[in-house]
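Asker: next one to model:
(chains A and B)
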Amino acid sequence: MNKILIYTHHQEESLSSGAKEVLAFGSRLASVTEGTVEAVLVGVKPTAGAKEAISYGASKVYTVCNPLLAEYQVDLYADSLYTVFQQSGADVLLLSFDRTGKDLAGRLATRLGASAITEVTDFRTEGSKLTWVRPIYGDKALGEYSTSRKKVVVGIRQKSQDQAVPDSTRTGEIIEVNYSVPEEKVLTKLVVKIQSALSDIRLEDANIIVSGGRGLGGPEGFQELQALAELLGGTVGASRAACDAGWVPSNLQVGQTGAVVAPDLYIAVGISGASQHLAGITSAKTVVAINSDPEAPIFKRANLGVIADYKTVIPALTEKLKKVLV
Amino acid sequence: MHIVVCLKHVLDPEIKPRYFQIDPETNRPDYGDNDMVLDSFAENALELAIQLRDKTPGATVTAICLGDESSEEVLRRALAFTANAAVRVWDSEWENLDGQAVGHILAQTIKTLGGAELVLTGYQASDIEEALVGPVMAEELGIPCVTLVSDLELADDSVKSTCEAEGGYTVVSVPFPAVFTIISSETNVPRLPKVKDIRLARSKSISLFEAEDTDLDKERCQPGVRLERAYVLNRDVNCEILSGSEGTVLADELIDKLLTLKIF
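Answerer: Coordinates of the predicted model:
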């Protein structure tokens, strides 16, 4: 495991939180395997991101710059990452298994003739043998995987790593990759991008989330959750069942599909706790479950449980909090 | 138009943790009497495939499942959803396939079937949750792949897909043929098959493709990852159940507890 290449993408002016997690993972891996960490950035002018990647431990950063790469575009990003990986001579490509990682990991591994492993949360070493650790069966078990090919593409599960502390005194080399954009490869075209207007707080970044599920019985219940969330300075989430029923838009969904969240407080209201939902809240610090069914699996994950009809609890909670929080 | 939908037969993801065991010999769950089901995102993909076919004159749906004989159950379900054909892909020599090997075998099967304009699959299966098969199939077939798709709309020579994006959603357009990995949404809630269709499905035939029936690359059928060890995680938290029964009392208790935890 000599050379680790990390795909780090940036959002606005800063590296994405996923990229920072992967840099932390890569640095940890490199220190155990005596390897090196290099990063790759794709975009219009990724120099600021490159410096940031160096401060998080990359010794070399490849930048692929072109106005046509301003917006993420799966065909071109896959092609440019393939080019850089080959040029860098890396053994491992690490990427955050976030929205873009889910597009890229399988395609790149196949194109590179590499092994692919996704949703990785940790690694283990025994002598020279390295295994990758990841949850399986809806987080009911952990698996340790070895890989059989010389190269490997590894997708790191979102919110599974502590972010490293940047050190701006670190130095590294920035290499601008000569890459001519093969426009004929563009097959996937963005028609429209819609950002949620419901809340200013992204679920992924929220410290407090009040989530509703099928137990709310209809869209009306979400108004009460919204009031509570606003009061707490948090935001509203929902289970897959509530989204699929059309009660709230799907971009409020918390779980394996939807947002993987890590709030300080997660209040699950009328959510039974399907495994795909629980997998999205493994990093939540305190979970409160409010559910009328004492057998609901959510109580196995919750720190505090309220067995009651939410209609009797939420309004009282909101009223009382108004007094406490002034 | 030929629509292929790839299905997976999985251990019921909602199995109670106390019944979930890993067999240390095989590193696989001890299936025992536990239910096996059609993976839920695959079922969303199946529903969407049938809906698209019904809107498109002359279109047909072929359901494919890689698995042993027991997985014919999910193909029967696909036939009860009125899929036009069902293909099971299996060879006793295949062991411990990973997502890449499955992607190769399914892609070659689709070629053997004469190709497809649309290939639909669940975004990820609830057992190993690799989320790899869709993108790998697309790479193998040399066609685009759109992931995390909640809805599809067909035009003359392209497909518009609505996909999950961070903080919202996007609509992207790709030409035929292409692979789409499907997530659940309001529009693809699986139907309840009609009794008549369930009965008809019983008498329909399921084709079997073995390794020799398809042009496979032996090297690509080898898994690139190997599960060395697996163990059950006990994530159960000791949940403190609040004692009150009145809403106002419970609200007071809960606020006290949260204040003690210094959450606000």
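Asker: low-confidence bits of the chain, can you list those?
Answerer: Assuming you mean chain A. Regions of chain A meeting the criterion pLDDT under 70 cover residues A:1, A:196-200.
Asker: that's the wrong chain, I wanted chain B
Answerer: Where chain B drops to pLDDT under 70, the residues are B:235.
Asker: hey, where'd the helices end up in it?
Answerer: Along chain B, counting by DSSP state H, helices occupy B:40-55, B:72-80, B:99-112, B:133-141, B:195-203, B:247-260.
Asker: from B:D236, how far off is the residue nearest to the spatial centre of chain A?
Answerer: In chain A, the centroid-proximal residue (CA atoms, centre = their mean) is A:Q158; its distance is 2.9 Å. Separation of A:Q158 from B:D236 (CB to CB, to the nearest Å): 23 Å. C-beta coordinates here come from the backbone N, C-alpha and C atoms, glycine included.
Asker: with B:W94 instead?
Answerer: 36 Å.
Asker: which stretches in the stretch 201-326 of chain A count as helices?
Answerer: Assigned by DSSP state H, counting those that start in this stretch, the stretch 201-326 of chain A shows helices spanning A:221-232, A:240-244, A:275-278, A:298-301, A:310-324.
Asker: the last one packs against which elements?
Answerer: By that I understand helix A:310-324. When contacts are defined as 3 or more CB pairs under 8 Å, 6 or more residues apart in numbering or on different chains; DSSP states H and E, helix A:310-324 packs onto helix A:221-232, strand A:286-291, helix B:247-260.
Asker: would you mind finding the most buried of the ones you listed?
Answerer: For the helices and strands packed on helix A:310-324, the largest average neighbour count (mean count of other CB atoms under 10 Å in any protein chain shown) is found in strand A:286-291, namely a mean of 24.
Asker: near chain B at all, that one?
Answerer: Yes. Residues of strand A:286-291 are located near chain B by CB under 8 Å from any CB of the partner chain, namely A:286-289.
Asker: check those residues against B:D98 and report the nearest one.
Answerer: Of all the residues of strand A:286-291 next to chain B, A:V287 has the smallest distance to B:D98: 33.0 Å, by CB to CB.
Asker: helix, strand or coil: sort out A:L23 for me.
Answerer: helix (DSSP: H, G, I helix; E, B strand; the rest coil).
Asker: higher neighbour count, B:W94 and B:D236?
Answerer: A count of neighbours by other CB atoms under 10 Å in any protein chain shown puts B:W94 above the other of B:W94 and B:D236, at 20 against 12.
Asker: identify the residue nearest the more buried one in space, chain neighbours excluded?
Answerer: Leaving aside its chain neighbours, B:W94 sits nearest to B:C221 (6.8 Å; criterion: CB to CB, 6 or more residues apart in numbering or on different chains).
Asker: near that neighbour, how many other residues are there?
Answerer: Using other CB under 10 Å, B:C221 is surrounded by 18 other residues.
Asker: now do the contacts for it.
Answerer: Residues near B:C221 by CB atoms under 8 Å, 6 or more residues apart in numbering or on different chains: B:94, B:97, B:101, B:104-105, B:211.
Asker: make a PyMOL selection of the buried ones in these.
Answerer: With 16 or more other CB atoms under 10 Å in any protein chain shown as the criterion, this PyMOL line picks the buried residues out of those:
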select buried, chain B and resi 94+97+101+104+105+211
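Asker: contacts only, for A:I174.
Answerer: A:47, A:50-51, A:54, A:60-61, A:63.
Asker: which of those residues are buried? Put it as a PyMOL command.
Answerer: Per 16+ other CB under 10 Å, the buried members of those correspond to this PyMOL selection:
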select buried, chain A and resi 50+51+54+60+61+63
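Asker: strands - which of the contacts of A:I174 land there?
Answerer: Counted as lying in strands by DSSP state E, out of the contacts of A:I174, are A:60-61, A:63.
Asker: ok, and of the residues you listed, which contact chain B?
Answerer: Near chain B, taking CB under 8 Å from any CB as the test, no member of those is found.
Asker: run through the bridge partners of the closest residue to A:G233 other than its chain neighbours.
Answerer: In this structure, A:G233 finds its nearest non-sequential neighbour in A:I208, 6.3 Å apart by CB to CB, 6+ apart. Listed by DSSP bridges, the beta-bridge partners for A:I208 are A:L265.
Asker: which residues are in contact with A:I208?
Answerer: A:229, A:232-235, A:263-267, B:263-264 are the contacts of A:I208 under CB under 8 Å, 6+ apart.
Asker: re the thing from before, need the helices of chain B in CSV (columns: distance to B:M1).
Answerer: Putting the helices of chain B into CSV (distance: least, CB to CB, whole Å) gives the following:
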stretch, distance to B:M1
helix B:40-55, 8
helix B:72-80, 17
helix B:99-112, 14
helix B:133-141, 16
helix B:195-203, 22
helix B:247-260, 55
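Asker: so which of the ones you listed is the most packed in?
Answerer: Most buried of the helices of chain B, by mean neighbour count (mean count of other CB under 10 Å): helix B:133-141, with a mean of 27.
Asker: and the angle from it to helix B:99-112?
Answerer: 50 degrees (axes from the mean of the first three to the mean of the last three CA atoms, to 10 degrees).
Asker: what about stretch A:128-142, start to end distance?
Answerer: One end of stretch A:128-142 sits 21 Å from the other (CA to CA, to the nearest Å).
Asker: now stretch B:178-188
Answerer: Stretch B:178-188 end-to-end distance (CA to CA) = 19 Å.
Asker: from the chain's centre, how far out does it sit?
Answerer: On the basis of CA atoms, centre = their mean, to the nearest Å, stretch B:178-188 sits 10 Å off its chain's mean C-alpha point.
Asker: ok, it near chain A or not?
Answerer: Yes. Stretch B:178-188 lies within reach of chain A by CB under 8 Å from any CB, at B:178, B:183-186.
Asker: for that stretch, buried residues please.
Answerer: For stretch B:178-188, by 16+ other CB under 10 Å, it's B:178-185, B:188.
Asker: how far away is whatever residue of the stretch 1-150 of chain B ends up closest to chain A from B:T121?
Answerer: Nearest residue of the stretch 1-150 of chain B to chain A, counting by CB to the nearest CB: B:P135, 3.3 Å away. B:P135 is 10 Å from B:T121, where distance means CB to CB.
Asker: what is in contact with those two at once?
Answerer: Counting by CB under 8 Å, 6+ apart, the residues touching both B:P135 and B:T121 are B:179, B:181.
Asker: now the contacts of B:C221 in CSV, with distance to A:D139?
Answerer: Formatted as CSV, the contacts of B:C221 follow (distance: CB to CB, whole Å):
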residue, distance to A:D139
B:W94, 27
B:L97, 22
B:A101, 24
B:H104, 28
B:I105, 28
B:A211, 34
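Asker: please identify which of the contacts of B:C221 is nearest to A:E176.
Answerer: Looking across the contacts of B:C221 and measuring by CB to CB, the closest to A:E176 is B:H104, at 35.8 Å.
Asker: need the max-distance pair from the buried residues of stretch B:178-188.
Answerer: Most distant of the buried residues of stretch B:178-188, by CB to CB, are B:A178 and B:S184, 20.2 Å apart.
Asker: circling back to that earlier point, ok, now which ones touch the residue nearest to the centre of chain A?
Answerer: For A:Q158, the contact set (CB under 8 Å, 6+ apart) comprises A:18, A:21, A:96-98, A:204, A:260.
Asker: for A:V64, same thing?
Answerer: Counting by CB under 8 Å, 6+ apart, A:V64 touches A:40-43, A:46, A:80, A:83-84, A:177, A:179.
Asker: dig out what it forms beta bridges with.
Answerer: Beta-bridge partners for A:V64, by DSSP bridges, are A:V42.
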